[in-house]
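> model this:
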Amino acid sequence: MLLQRTPVVVPGTAEHYGKTVFAARCLPSSRRRAAGQRVPILRTAASDEQTASLSSCPFADVVRGKHYNALTGVLPADIEDLHGPGWRVLPSGNVGSLPEPGGYFCWNPLLGEFSEFEKSGAGPFLLKRWKDFGPVFTWQLGQQKVVAVLEHEAIRSLLQQGDSKIMTGWNPESLYAMLGEATRANLENPTNRMMSRKLMAPGFSREAMRQYLRKLEKIISTQLDIWSSSDHPVDMSTDGKALSFEFSTELLVDFAIPPDQKDDLKCKFNRLFQGMFSAPINLPGTTFSKGLRAKAELQEDIIQVIKQGRRSTDDSGTVTSVFQYNLEARRQTQTTDGVLTDAQMAQAGIGLIIAGNDTSGLGVSALMSILPLFPGVMEKLRLEQKELVAKYGPELTQTVLDNMAYGEAVVKEVLRVAPPSDQVMRRTLVDMEIGGKFIPKGSVLYLSFFMGQVLSDPKLHKDLSSEALQHVSPEQLLLNTPNIKREFHPERWLAGGATESSSAGSSDQQQFAKPTGLLTFNTGPHICLGMGLFYSEAKVLLALLARGYQMELQNPEELGFQATFVTQLSSQPMVRFSKLPAAAPATTEKVAAR
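As a prediction, the model looks like this:
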């Protein structure tokens, strides 16, 4: 069947950025109308069976038309009544004359308030405006005015109930300049995103995690042996990302990258990653221009790697990388004949490696930098591993990972205090009220995971009145050694309101409230597919560390992170690794607070 391409304009998609998007008319007109298929996706003719299979997908309502129709402006009844803590849909517009959110006047038409945001960090920047304007306010991100939402419950509820219904994805242009227009289509088009997630999900399934486990253990063991045999301490700001690069290339794409090319590729990927979150100024020497140059070079590099061959299956023919699932998703959402060009395949590989380095690289670097500050935490990890070895044997299996309650609590607490992803952005498709403010249709929302996890979680901070907020200083939100030592308590994640000693050698106990939950992987229908993979990576790393290695941070007082769009190390934590004695002293003490 021939495909007819018809331009479709939908707020929040590529048309808003001067691009033309197409919808494939590959079904009879009566079925297209019944399905509400006026969406910007290039689709191939699909069988009835494939279409029916969408019923099990959380985004199936989008395909069936049970969402906001941007072309007619008609809201279904369930959308009209949609609401949550601190927000609601306004089907009739601003009939109550709600005030619009306030914000500072910005003098810089090109950069907006980005320079201050980048210099001061997300915490102090957002706290200053919260004190002056409340938890919902505007600020200027480059040439785009965004509406910041800082309250944990509102953020969680908006993402769980409203994503792909009353909001669609939005990202700064610098990100799309680095990752390409195909990324825009996948992130901002609900139907494309639904199809891609459905096709890629098997690569992140529990069974896939089992397949990755042996390879994951080998990668980490090799790296720990290298670090422990070094005569010098390891710089976690670079070596943490190096480990995540191995995760990405070995697990996600399974590329056979020659050893002599790895260091060069790591540098290029780092420049590309920094360019994603930079001001889009394409002048020589800027972070943005360096990122664009790295993108062009990586495109050629990865094409050559692909031509040299991939190890995409194991001996039984089972797919062992996410890359093949990603290619299939792109074939179905970005082509009419199922054939991808070399450039499209290279872009898919680059996107996966960047995605892996984003969460894994930043999360692993934070974990390995924070953990040496807390020798008591490491001791509890060792005790937990001894119990697990006694119960399940020495092999690291999925069952062992599933029963690492304290290890998981450590990972969660690192993600809470230093979230790899600090925010998510959305464009509203309807008029809304958020925090008592009128948010017009087409507004860009900046939903702050950092503030939601660190300051506005109601289970951790029960009094966030205007008066109480005035006593919170910007210095309290800096990610440095004193604040991390004050905030970091893995016991808070354990069941039953766990406690720990208030100081070394003290019998006094402190109670730590359990957080509402993490936001850093998103929540609701668009929760990160790679969340399970990151937890597997982090748990295997902790298990191997606890069983065989010691860590010592050489410069503990210098530890610092900078939180903007992502949380990155702003210091160079120097960690010395050494192997434990062959027969470490045994103990019968149980892990605290289990």
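> show me where pLDDT drops low in the stretch 201-350 of the chain?
Using pLDDT under 70 as the threshold, the predicted model of the stretch 201-350 of the chain has low-confidence ranges 309-321.
> now the helix or strand where residue 482 lies: mean pLDDT?
Using DSSP states H and E, the secondary-structure element containing residue 482 is helix 481-487. Taken as a whole, helix 481-487 has a mean pLDDT of 95.
> which residues touch the residue found closest to residue 476 once you drop the neighbours it is linked to in the chain?
Nearest in space to residue 476, with sequence neighbours left out and distances taken as C-beta to C-beta, 6 or more residues apart in numbering, is residue 483 at 6.5 Å. In this view, the C-beta of every residue, glycine as well, is placed from N, C-alpha and C. Residues counted as contacts of residue 483 (C-beta atoms under 8 Å, 6 or more residues apart in numbering) are 475-477.
> may I ask which of those residues has the most neighbours?
Of all these, the most densely surrounded is residue 477 (21 neighbours; neighbours counted as other C-beta atoms under 10 Å).
> so how far is residue 417 from that residue?
Counting by C-beta to C-beta, to the nearest Å, the separation of residue 477 from residue 417 is 11 Å.
> same check, this time on residue 107
For residue 107, the distance to residue 417 (C-beta to C-beta) stands at 34 Å.
> quick one, which of the two is more surrounded?
Legend: neighbour count by other C-beta under 10 Å for residue 107 and residue 417, higher for residue 417 (21 against 9).
> count the neighbours of the residue lying closest to the more buried one once chain neighbours are set aside for me.
In space, residue 417 comes closest to residue 487 once its chain neighbours are excluded; the distance is 5.1 Å by C-beta to C-beta, 6+ apart. A count of nearby residues for residue 487, using other C-beta under 10 Å, gives 16.
> quick one: residue 487 from residue 301, how far?
In terms of C-beta to C-beta, residue 487 sits 41 Å off from residue 301.
> where in this protein is pLDDT low?
In the chain (pLDDT under 70), the answer is 1-75, 309-321, 496-511, 583-594.
> quick one: buried residues of the longest helix along the chain?
The residue-count maximum for a helix in the chain (DSSP state H) belongs to helix 206-229. For helix 206-229, burial by neighbour count (16 or more other C-beta atoms under 10 Å) applies to 208-209, 211-213, 215-217, 219-220, 223-224, 227-228.
> what do you get for stretch 331-338?
So stretch 331-338, judged by 16+ other C-beta under 10 Å, has buried residues 331-334, 336.
> start and end of that stretch, how far apart?
Across stretch 331-338, the terminal residues are separated by 5 Å (C-alpha to C-alpha, to the nearest Å).
> distance between that stretch and the chain's centre?
Taking C-alpha atoms, centre = their mean, to the nearest Å, the mean C-alpha location of stretch 331-338 is offset from the chain mean by 27 Å.
> likewise stretch 176-191?
So, by C-alpha atoms, centre = their mean, the centroid of stretch 176-191 is 16 Å from its chain's centroid.
> one more: stretch 286-299?
Its chain's C-alpha centre lies 22 Å from the corresponding centre of stretch 286-299 when counted by C-alpha atoms, centre = their mean.
> for residue 479, what are phi and psi?
Phi and psi for residue 479, reported as degrees, to the nearest 10, are phi -90, psi 80.
> state the distance from it to residue 417.
Separation of residue 479 from residue 417 (C-beta to C-beta): 7 Å.
> again, but for residue 216
Counting by C-beta to C-beta, the gap from residue 216 to residue 417 is 25 Å.
> again with residue 567
Using C-beta to C-beta, residue 567 is found at 9 Å from residue 417.
> tell me the residues that contact both of these two, please.
Listed contacts common to residue 567 and residue 417 are residue 479; contacts here mean C-beta under 8 Å, 6+ apart.
> picking up where we left off before, and the buried residues of helix 206-229 as a markdown table, adding distance to residue 262?
Putting the buried residues of helix 206-229 into a markdown table (distance: C-beta to C-beta, whole Å) gives the following:
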| residue | distance to residue 262 |
| --- | --- |
| 208 | 25 |
| 209 | 25 |
| 211 | 24 |
| 212 | 20 |
| 213 | 23 |
| 215 | 17 |
| 216 | 18 |
| 217 | 20 |
| 219 | 13 |
| 220 | 17 |
| 223 | 13 |
| 224 | 18 |
| 227 | 16 |
| 228 | 20 |
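> biggest separation within those residues, which pair?
Checked with C-beta to C-beta, the buried residues of helix 206-229 reach their widest spread between 208 and 228, with 30.0 Å between them.
> tally of neighbours for the closest residue in space to residue 435 that isn't next to it in sequence?
By the measure of C-beta to C-beta, 6+ apart, the closest residue to residue 435 outside its immediate chain neighbours is residue 136, 3.6 Å from it. Neighbours of residue 136 under the rule other C-beta under 10 Å: 25.
> dump the residue contacts of residue 136.
Residues counted as contacts of residue 136 (C-beta under 8 Å, 6+ apart) are 101, 147-150, 434-437, 439.
> what bridges to it?
Under DSSP bridges, the beta-bridge partners of residue 136 are residue 149.
> shared neighbours of residue 477 and residue 417, anything?
Both residue 477 and residue 417 are in contact with residue 454, where contact means C-beta under 8 Å, 6+ apart.
> which residue ranges form the helices in the stretch 351-500 of the chain?
In chain order, the stretch 351-500 of the chain shows helices spanning 362-370, 375-392, 398-402, 405-417, 449-454, 466-469, 481-487, with DSSP state H, counting those that start in this stretch as the criterion.
> closest one to residue 519 among those helices?
When those are compared by C-beta to C-beta, helix 449-454 sits nearest residue 519, at 4.1 Å.
> show me what that closest one is packed against.
When contacts are defined as 3 or more C-beta pairs under 8 Å, 6 or more residues apart in numbering; DSSP states H and E, helix 449-454 sits against helix 122-133, helix 152-157, helix 405-417, strand 423-428.
> circling back to that earlier point, now, which of the contacts of residue 483 sits nearest residue 448?
Nearest member of the contacts of residue 483 to residue 448, counting by C-beta to C-beta, is residue 477, at 11.3 Å.
> so the closest one touches residue 123, yeah?
Yes. Applying C-beta atoms under 8 Å as the test, residue 477 and residue 123 come out as touching, 2.9 Å apart.
> noted, bye for now.
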